[in-house]
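*Asks:* I'll drop the sequence and a predicted model, then ask my questions.
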Amino acid sequence: MGYITEGIIKAFELLISRDAETYSAILTTLKVSTYAMTASLALGIPLGFFLGFLDFRGKKLLRTIVNTLLAFPTVLIGLLVYALLSQRGPLGQYGLLFTLPGVAIGQTILALPIVIALTATAVESLDRQLRITLLALGANRYQLLCTCIWEARYGILTAAVTAYGRVLTEVGISLMVGGNIKWHTRTITTAIALETSKGEFAMGIALGLVLLLIAFVVNFSLMYLRQRS
Amino acid sequence: MNTKKVLLLCFWALLALFLADLGLAEKKVLRMATTTSTDNTGLLDYLAPIFKKDTGIELQWIAVGTGKALKLGQNCDVDILMVHAPSAEKAFIKAGYGINRREIMYNDFIIVGPPDDPAGIKGMSATEALRKIANQKAIFVSRGDHSGTHKKEETLWKTAGIDPNKLDKEPWYIQTGQGMLATLNVASEKRGYTLTDRGTFIKYEATLKGKPILVILVEGDKIIRNQYSVIEINPEHCPNVKNDLARTFSDWITSPKIQQAIANFRLMGKQLFIPNAKTK
């Protein structure tokens, strides 16, 4: 119990005193998760849309595969991306290992199935009449796509928030691909893992609370935007 | 401003940031794989700024067990190693992965355990103590992660006439698979014995603010010296490795000035590492 109260006090101390290491970890976390989210939304929304909107052979199988990928363990993604980016691996020449873009690649792989699966579900649950109505009103393909995505916006927002939560809190990829290098690739979660292994439990709890606070701010802003629109 | 313009602006800003992160690789950065002990004790936090000031090179380190550090070196993902498992290091060099191994400093391993010492090993030699722990089936917590400390522990069991591979199934033998401080914490909770390097143990004492749950029971035995070395990754094996920077580091850390700095590094007033580099 002592650790928890100590941790709560420490969390405020870190934020108020603008502790350089904590702020570096916060900035790194925000940067890398933004890269990963941008990439996974840019790829995932169109793919999810087509998976939900179109009917084709093998659609059920594809959905099952995407749903299975939701259970992809982060350590395994970390290991696979490490094997790809290592100097001995096929993408070794780009020197991406132990850099933030490298971590972002791994996190994109993590977030992509979530965005695809939830976007597909959101699009599927749209009224079937919508498509017919739009076509009857003379919408072209592009307008059809945009309107459907717009109608499914809350479902897509849920997909984004869920994926963001997963990206923000994963530790396996950041540790394996990022290497937990101080001032460079140390994110809040890898810092928590490190502090815990060092027996600095209060510090670990403090960092965890900081992470939750970030998640709260992000979700609160999204909620605000949603109410305004 | 309309939403489209704002979004576009955000996108360009993000792209600029991303490219800046990619560009980091082009700075003068030396990547090192090292053991958890040099990181956990704060030695590298102390040395890296001095290295930057002296040479302009930024030191980035990845702290893992010696086994993984050697693997990262073998895969050409780091430029230099700072590790402490002499026999594994020699095999590494023999395989052609590393060159120019230089000893830089040492401390010693100690066997720690609960103060009431249920197996009664206090003051024994390291091998006698292990044999007694095994006979009494007292709880022993092992790193179990192929780190330098784990390798040392295996050697000690062998010297004591016990096959370390057969210990896995013993209920009193616990493998954590984690770093040294984490393992010390497990030993504290389980009231068990463990083998640790002295540096990390001092850090453990410091974390618990001078009220450690474990105490030193076996120390000063010659067999449990803990030698640290630096090894450059062989540029013939790994053409992309920054061997010039690695050589600079190797020369720098063995220089009299830095050897003295290592001797001056203290935690809770205690010296952690004893420098012993051979001058050229």
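*Replies:* Good, I have the coordinates.

*Asks:* if you skip the residues just before and after it, what's nearest to A:Leu84?
*Replies:* Computed as Cβ to Cβ, 6 or more residues apart in numbering or on different chains, the closest residue to A:Leu84 that is not its neighbour in sequence is A:Leu91, at 5.1 Å. Where you see a C-beta, it was placed from the backbone N, CA and C, and this is true even at glycine.

*Asks:* same deal with B:Thr36?
*Replies:* The shortest distance from B:Thr36 to any non-neighbouring residue, by Cβ to Cβ, 6+ apart, is to B:Gly179 (4.1 Å).

*Asks:* For that neighbour, which residues are in contact?
*Replies:* A:Ser197, A:Lys198, B:Thr36, B:Asn40, B:Gly65, B:Arg143, B:Asp145, B:Ser147 (Cβ atoms under 8 Å, 6 or more residues apart in numbering or on different chains).

*Asks:* which ones are touching the closest residue to the fifth one other than its chain neighbours?
*Replies:* Ranked by Cβ to Cβ, 6+ apart and with sequence neighbours excluded, the top spatial neighbour of B:Gly65 is B:Ser147, at 3.3 Å. For B:Ser147, the set of contacting residues under the criterion of Cβ under 8 Å, 6+ apart consists of B:Thr35, B:Thr36, B:Gly65, B:Thr66, B:Gly67, B:Ala85, B:Gly179, B:Met180.

*Asks:* Would you check that A:Ala83 makes contact with A:Leu97?
*Replies:* No - A:Ala83 sits out of contact with A:Leu97 when judged by Cβ atoms under 8 Å, with a separation of 10.1 Å.

*Asks:* thinking again about what came up before, going by distance to A:Thr121, which of the contacts of B:Gly179 wins?
*Replies:* Taking Cβ to Cβ as the measure, A:Thr121 lies nearest A:Ser197 of the contacts of B:Gly179, at 38.7 Å.

*Asks:* show me what contacts the residue lying closest to that closest one once chain neighbours are set aside?
*Replies:* Spatial nearest neighbour of A:Ser197, chain neighbours left out: B:Ala182 (4.2 Å); criterion: Cβ to Cβ, 6+ apart. B:Ala182 is in contact with A:Thr196, A:Ser197, A:Lys198, A:Gly199, B:Thr176, counting by Cβ under 8 Å, 6+ apart.

*Asks:* What residue in chain A comes nearest to chain B?
*Replies:* A:Gln87 (3.5 Å; Cβ to the nearest Cβ).

*Asks:* how about the residues of chain B that lie near chain A?
*Replies:* Chain B comes close to chain A at residues B:11, B:14, B:17-18, B:21-22, B:24-25, B:31, B:36, B:40, B:45, B:60-63, B:75-77, B:178-179, B:181-182, B:184-185, B:203-204, B:207-208, B:238, B:240, as judged by Cβ under 8 Å from any Cβ of the partner chain.

*Asks:* Where do the strands of the stretch 51-200 of chain B begin and end?
*Replies:* B:58-63, B:80-83, B:98-113, B:140-142, B:173-175, B:193-197 (DSSP state E, counting those that start in this stretch).

*Asks:* Tabulate those strands in CSV, adding columns for mean pLDDT and mean neighbour count.
*Replies:* Shown next, in CSV, are the strands of the stretch 51-200 of chain B (pLDDT from 0 to 100; neighbours: other Cβ atoms under 10 Å in any protein chain shown):
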stretch, mean pLDDT, mean neighbour count
strand B:58-63, 92, 22
strand B:80-83, 94, 28
strand B:98-113, 91, 21
strand B:140-142, 93, 26
strand B:173-175, 90, 18
strand B:193-197, 92, 27
